[in-house]
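[1] below are the sequence and a predicted model for it; my questions follow.
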Amino acid sequence: MANQEDVFKKLVSHCKEYGFVFPSSEIYDGLGAVYDYGQNGVELKNNIKRYWWEAMTKLHENIVGIDAAIFMHPTVWKASGHVDAFNDPLIDNRDSKKRYRADVLIEEQLAKIEDKINKEVEKARKRFGEAFDEAQFRATNGRVLEYQTKWNALHQRYSDAMNKMDLDELKQIILDEEIVCPISGTRNWTDVRQFNLMFSTEMGSTADGAMKIYLRPETAQGIFVNYLNVQKSGRMKLPFGIAQIGKAFRNEIVARQFIFRMREFEQMEMQFFIKPGTELDWFAKWKKTRLAWHKALGFGDLMYRYHDHEKLAHYANAATDIEFNMPFGFKEVEGIHSRTNFDLSQHAKYSGKKIEYFDPETRESYVPYVIETSIGVDRMFLSIMAGAYREEEVNGERRVVLALPPALAPVKVAILPLVNKDGLPEKAEEILRELRYDYTCQIEVKDSIGKRYRRQDAIGTPYCVTVDGQTLEDNTVTLRFRDTMEQERVAIADLHKIIGDSVNISSLLRKIEND
Ligand code: ATP
């Protein structure tokens, strides 16, 4: 665990040192759970968004995009249920004065029991070797069964309490489980209270009678309220999808994991409108499609897993998360939900407008069902940084390399004049002018070439092009590859051919399609 925490800390400082992510308003000591993206971070983030956007809109001819406003009519959030029910149960520890989510404390307790079970399984796997039958071991081993019974009982009690939002019972579970505050180590807890996660502000001056409005806590509602506009103006036939990327805001109670849980973040959501009754097929299809999108990045299939929800929101009839193996364990990066016709029906009810689809084949009208895929850009960013970060020993020296998929790398080609004189910088400029229409390039002149290579490795640049005296004579350069560190002498005229498509988003899109 210490080691994992260590990796996470290194990752956070790497993000800052190399211009990926800075704490917001840092010169004023920062603002809780709000972050800014730096010069390299913004490029990586934009590439992630492009990868998602193009996978949605280019690979599916029945998905179109929109860009709805952050401010929406306040009734939207009444209809969606956010005003009444977008709450987290919070609890404070009186000694440390730290605030926690009661549900998270209990889930961590469940995870601890799960860990114990997994440890038993791993121990047995080592002992039995090849002959190990995991399913049988789990079903028969006394200690595992004991833990499992404990887990089941706690899980049942927790689910019941959450479904009824029984705050007293949540507190009682925390007391019965003897959960302590990780800071103070005590069980001196307050009662559990509800806390609404939406930020509000006022629109218009008080003289006009200002209206209380919310910063959207999810982008999805902008899609639902535009369903009719898009369907009619685009003459869309079911099934079809609407994709959107945009900011969302949640006043998170516990926001301690860097960009994993932020108060201002970005979502990429797609609502897929379908005929009622077909939802479970589409749900299964989207589960597969979305996992393939993640896997095409090449971090290894073992880094991902599904986490199916047993406890469903009242409007959902199937839900799963795609989790990534972060430095602090498997965590949700994306949610896939079968949301029935809940949102459209609610908006029809609250707005008084008919929100239906006329099916030209069956000649009936109905409210479409929806499958939603919802992923956080920032969490995706964190998972990519975590998956790409490596420390290696090279000739007795430490090298930190970000093995980013080249298509996502902030800089594709670094052009490095060996010395900052003798016409080499000018030659580098000439190469830049040749390549910059196709690739994001950077010229770096300061420091020794070795140091410059390391700096480019640390930001994940897949190719370095070194310009030296010989370049002026024969128009060749040294091309260095990030992952292998191999170097090749190549003609400037061949650079395009060698780098080619491998650094473009299209190469990632092809990987999804070909899998
Ligand atoms: P969690 O259980 O972690 O709070 P959630 O289930 O509430 O997440 P959703 O409402 O399903 O999350 O949102 C969809 C996606 O948006 C999540 O999978 C995550 O990637 C992202 N997301 C949600 N909340 C945050 C946040 N506070 N900071 C960063 N990303 C977030």
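    Noted; the coordinates are in hand.
[2] neighbours of the residue of the stretch 351-500 of the chain found nearest the ligand, how many?
    Closest contact between the stretch 351-500 of the chain and the ligand, by CB to the nearest ligand atom, is at residue 376 (2.5 Å). All C-beta spots, glycine's among them, are computed from the backbone N, C-alpha and C. The local packing of residue 376 (other CB atoms under 10 Å) involves 23 other residues.
[3] how near is it to residue 268?
    8 Å (CB to CB, to the nearest Å).
[4] and if you look at residue 177?
    According to CB to CB, residue 177 and residue 268 sit 37 Å apart.
[5] ok, those two, which is more surrounded?
    Comparing residue 177 with residue 268 by neighbour count (other CB under 10 Å), the higher total belongs to residue 268, at 23 against 19.
[6] in what helix or strand does the more buried one lie?
    strand 264-274 (DSSP states H and E).
[7] is that strand in proximity to the ligand?
    Yes: using CB under 6 Å from any ligand atom, we find that strand 264-274 touches the ligand at 265, 267.
[8] I'd like the average pLDDT over that strand.
    Strand 264-274 shows an average pLDDT of 98 in the prediction.
[9] is residue 194 in a helix, a strand, or coil?
    Secondary structure state of residue 194, per DSSP: H, G, I helix; E, B strand; the rest coil, is strand.
[10] okay but it is in contact with residue 85, surely?
    No: Residue 194 is beyond contact range of residue 85, at 9.4 Å (criterion: CB atoms under 8 Å).
[11] residues in contact with residue 98?
    92, 181, 183-184 (CB atoms under 8 Å, 6 or more residues apart in numbering).
[12] what subset of these is buried?
    92, 181 (16 or more other CB atoms under 10 Å).
[13] pipe the contacts of residue 98 into JSON lines and attach secondary structure, distance to the ligand and pLDDT per row.
    Below are the contacts of residue 98 laid out as JSON lines (DSSP: H, G, I helix; E, B strand; the rest coil; distance: CB to the nearest ligand atom, whole Å; pLDDT from 0 to 100):
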{"residue": "92", "secondary structure": "strand", "distance to the ligand": "19", "pLDDT": "95"}
{"residue": "181", "secondary structure": "coil", "distance to the ligand": "21", "pLDDT": "95"}
{"residue": "183", "secondary structure": "coil", "distance to the ligand": "21", "pLDDT": "93"}
{"residue": "184", "secondary structure": "coil", "distance to the ligand": "25", "pLDDT": "94"}
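[14] tell me the one of the contacts of residue 98 nearest residue 35?
    residue 183 (23.0 Å; CB to CB).
[15] who touches that closest one in this structure?
    So residue 183 contacts 93, 96, 98 (CB under 8 Å, 6+ apart).
[16] which phi and psi does residue 417 have?
    Residue 417 has phi and psi values of phi -70, psi 130 when expressed as degrees, to the nearest 10.
[17] what's the burial count for the closest residue to it other than its chain neighbours?
    Using CB to CB, 6 or more residues apart in numbering and skipping the chain neighbours, the partner closest in space to residue 417 is residue 424 (3.6 Å). Neighbourhood size, residue 424 [other CB under 10 Å]: 20.
[18] and if you look at residue 353?
    Neighbour tally, residue 353, other CB under 10 Å: 11.
[19] spit out the contact partners of it.
    When contacts are counted by CB under 8 Å, 6+ apart, residue 353 touches 228, 347.
[20] who in the stretch 101-250 of the chain is up against the ligand?
    Within the stretch 101-250 of the chain, the positions lying close to the ligand (CB under 6 Å from any ligand atom) are 218, 250.
[21] okay, stretch 187-205 in CSV with CA atoms only?
    What follows is stretch 187-205 as a C-alpha-only set of coordinates in CSV (Å, rounded to 0.1, in the frame of the first residue of the first chain):
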residue,chain,number,x,y,z
ARG,A,187,-15.2,6.9,16.9
ASN,A,188,-16.5,10.3,18.0
TRP,A,189,-18.9,10.7,15.1
THR,A,190,-21.7,13.3,14.6
ASP,A,191,-25.1,12.2,13.2
VAL,A,192,-25.3,11.6,9.5
ARG,A,193,-26.9,14.5,7.5
GLN,A,194,-27.9,14.9,3.8
PHE,A,195,-25.9,17.3,1.7
ASN,A,196,-27.0,18.5,-1.7
LEU,A,197,-24.1,18.5,-4.2
MET,A,198,-25.4,21.2,-6.5
PHE,A,199,-23.8,24.6,-6.6
SER,A,200,-26.3,27.4,-7.0
THR,A,201,-26.0,31.0,-8.0
GLU,A,202,-28.3,33.8,-9.0
MET,A,203,-29.2,35.0,-12.5
GLY,A,204,-30.3,38.5,-13.1
SER,A,205,-30.2,41.5,-10.8
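[22] touching, residue 221 and residue 72? I think so.
    Yes: Residue 221 is within contact range of residue 72, at 6.4 Å (criterion: CB under 8 Å).
[23] now residue 274. Nearest residue, chain neighbours left out?
    Residue 274 sits nearest to residue 239 (CB to CB, 6+ apart), 4.5 Å away.
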